[in-house]
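In: coords below, sequence missing:
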């Protein structure tokens, strides 16, 4: 049995979550806490296999509780939140930076058209995340976000690129993306296109959070926009993103009836066709095998392909599957991926 600790200040939400957890024979309620302080104490006593953590609570919020738990009793934590404005989602992604493994949208009540789908997704996430091996967070001072001088963005030339970097990520991806993007050279010349699997409604908040610690310009593009240097583009939720021969974006809704939705592989395949050897493909931590075949296509076209190594991955699913079919040129940790990209950029600018 998988023991689940529920943390939420709303009695109604806790009761509904208990009802959901009790509906699955593989799950068991380990306890419930109504605030962050109770969550820390209960984690040490009931020793849950996974925690469902609300982010907005009075007193100690979900981020603060997650940080404290990961310092004392590391355990997989799923951040559970209603949709809020991008400015209010910073604590969600800060929680992932300090160890939370996933973010999940709170299922609406019974009778809502999306209720069944979101309940099933939550149960699946709880079971999968309970198997993730997490490590203790060492206490350290958080870095102050970089102050990005306004003139940097003015100096960039918005011209179509002759090269590109395509990145795919899933479970555990946001903090890895932050590590990579925040440490790229300030004059990094190569456009980056990213597909990040994330719960619906949280993409804009993630982009806003990332923008505060990076020098490049983050965007969610629209069809017809040119691919520009000095920009980081994020695929819209539930959409495929293509690069056209004219080096512009073509974005379209993923068919809800598609049996296997593979937005990362779709991006990689598009890049392989258009950029061939003038591209770098990067597949980061995540469950499943999205991106694997597309990365192989990129490598076959002469592109450099990187995967995140096992030691640094929250879930070694996608990178591991890529290695099985020899789709990777190198397996690296996030810091080495950043160093590699900075080296390539210096060579382009020299």
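Out: That came through fine. Fair warning: this is a prediction, and the values are worked out from it, not measured in the lab.
In: drop to CA atoms for contacts and neighbour counts, all remaining ones
Out: Will do.
In: so where do the helices sit in the protein?
Out: Along the chain, the stretches classed as helices by DSSP state H are 11-22, 36-46, 62-72, 90-97, 115-129, 150-155, 173-182, 203-211, 263-275, 292-300, 317-324, 334-349.
In: Out of these, which gets nearest to residue 189?
Out: Among those, the nearest to residue 189 by Cα to Cα is helix 334-349 (6.4 Å).
In: Of all the helices of the chain, which one is nearest residue 103?
Out: helix 90-97 (7.5 Å).
In: mind putting the helices of the chain in a markdown table, distance to residue 237 and mean pLDDT included?
Out: Conversion of those to a markdown table gives the following (distance: least, Cα to Cα, whole Å; pLDDT from 0 to 100):
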| stretch | distance to residue 237 | mean pLDDT |
| --- | --- | --- |
| helix 11-22 | 26 | 96 |
| helix 36-46 | 31 | 97 |
| helix 62-72 | 24 | 96 |
| helix 90-97 | 17 | 92 |
| helix 115-129 | 16 | 92 |
| helix 150-155 | 26 | 34 |
| helix 173-182 | 15 | 96 |
| helix 203-211 | 7 | 93 |
| helix 263-275 | 10 | 97 |
| helix 292-300 | 19 | 97 |
| helix 317-324 | 19 | 97 |
| helix 334-349 | 24 | 92 |
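In: would TSV of these with mean neighbour count and distance to residue 28 be doable?
Out: Shown next, in TSV, are those (neighbours: other Cα atoms under 10 Å; distance: least, Cα to Cα, whole Å):
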stretch	mean neighbour count	distance to residue 28
helix 11-22	16	7
helix 36-46	18	12
helix 62-72	23	20
helix 90-97	21	24
helix 115-129	17	11
helix 150-155	11	51
helix 173-182	21	28
helix 203-211	21	31
helix 263-275	24	34
helix 292-300	25	35
helix 317-324	22	26
helix 334-349	15	35
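In: Export these as TSV, with columns for distance to residue 53.
Out: As requested, the helices of the chain are arranged in TSV below (distance: least, Cα to Cα, whole Å):
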stretch	distance to residue 53
helix 11-22	11
helix 36-46	9
helix 62-72	6
helix 90-97	10
helix 115-129	12
helix 150-155	37
helix 173-182	18
helix 203-211	18
helix 263-275	28
helix 292-300	31
helix 317-324	24
helix 334-349	27
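In: how is this protein carved up into domains?
Out: Listed by automatic domain parsing, the domain ranges of the chain are 2-129, 156-349.
In: Between these, which one is closest to residue 135.
Out: Residue 135 sits nearest to domain 2-129 of all those, at 5.9 Å, using Cα to Cα.
In: Give me the distance from the closest one to the chain's centre.
Out: 17 Å (Cα atoms, centre = their mean, to the nearest Å).
In: Now the terminal residues of it, how far apart.
Out: 10 Å (Cα to Cα, to the nearest Å).
In: got the domains of the chain as CSV, with distance to residue 136 columns?
Out: Listed next are the domains of the chain as CSV, based on distance: least, Cα to Cα, whole Å:
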stretch, distance to residue 136
domain 2-129, 5
domain 156-349, 13
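In: how many neighbours does residue 235 have?
Out: By the criterion of other Cα atoms under 10 Å, residue 235 has 24 neighbours.
In: So it is in contact with residue 193, correct?
Out: Yes: with contact defined as Cα atoms under 8 Å, residue 235 and residue 193 form a contacting pair (7.4 Å).
In: ok, now which ones touch the residue nearest to residue 296 when sequence neighbours are not counted?
Out: Nearest residue to residue 296, sequence neighbours excluded (Cα to Cα, 6 or more residues apart in numbering): residue 327, at 4.3 Å. When contacts are counted by Cα atoms under 8 Å, 6 or more residues apart in numbering, residue 327 touches 292-293, 295-297, 299, 305.
In: same thing with residue 191?
Out: 161, 163-165, 227-233.
In: and which of the contacts of residue 327 is nearest residue 186?
Out: Nearest to residue 186 among the contacts of residue 327 is residue 305, at 23.1 Å by Cα to Cα.
In: so who does residue 70 touch?
Out: 98-99, 135-137.
In: Tell me the one among these nearest to residue 79.
Out: Each of those was checked against residue 79 using Cα to Cα; the closest is residue 99, at 10.5 Å.
In: Need the phi and psi values for the closest residue to residue 118 other than its chain neighbours.
Out: Excluding the flanking residues, the one nearest residue 118 by Cα to Cα, 6+ apart is residue 107, at 5.3 Å. Residue 107 has phi and psi values of phi -70, psi 140 when expressed as degrees, to the nearest 10.
In: follow-up on the earlier one: need the contacts of residue 191 in TSV (columns: distance to residue 90).
Out: What follows is the contacts of residue 191, written out as TSV (distance: Cα to Cα, whole Å):
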residue	distance to residue 90
161	31
163	32
164	28
165	26
227	27
228	27
229	27
230	24
231	21
232	19
233	19
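In: Now for those, which sits with the most neighbours around it?
Out: That'd be residue 227 among the contacts of residue 191, by other Cα under 10 Å, with 27 neighbours.
In: Let me know the pLDDT of it.
Out: For residue 227, the model assigns a pLDDT of 96.
In: I figured residue 89 hits residue 207, correct?
Out: No: taking Cα under 8 Å as the definition, residue 89 is not a contact partner of residue 207, at 10.1 Å.
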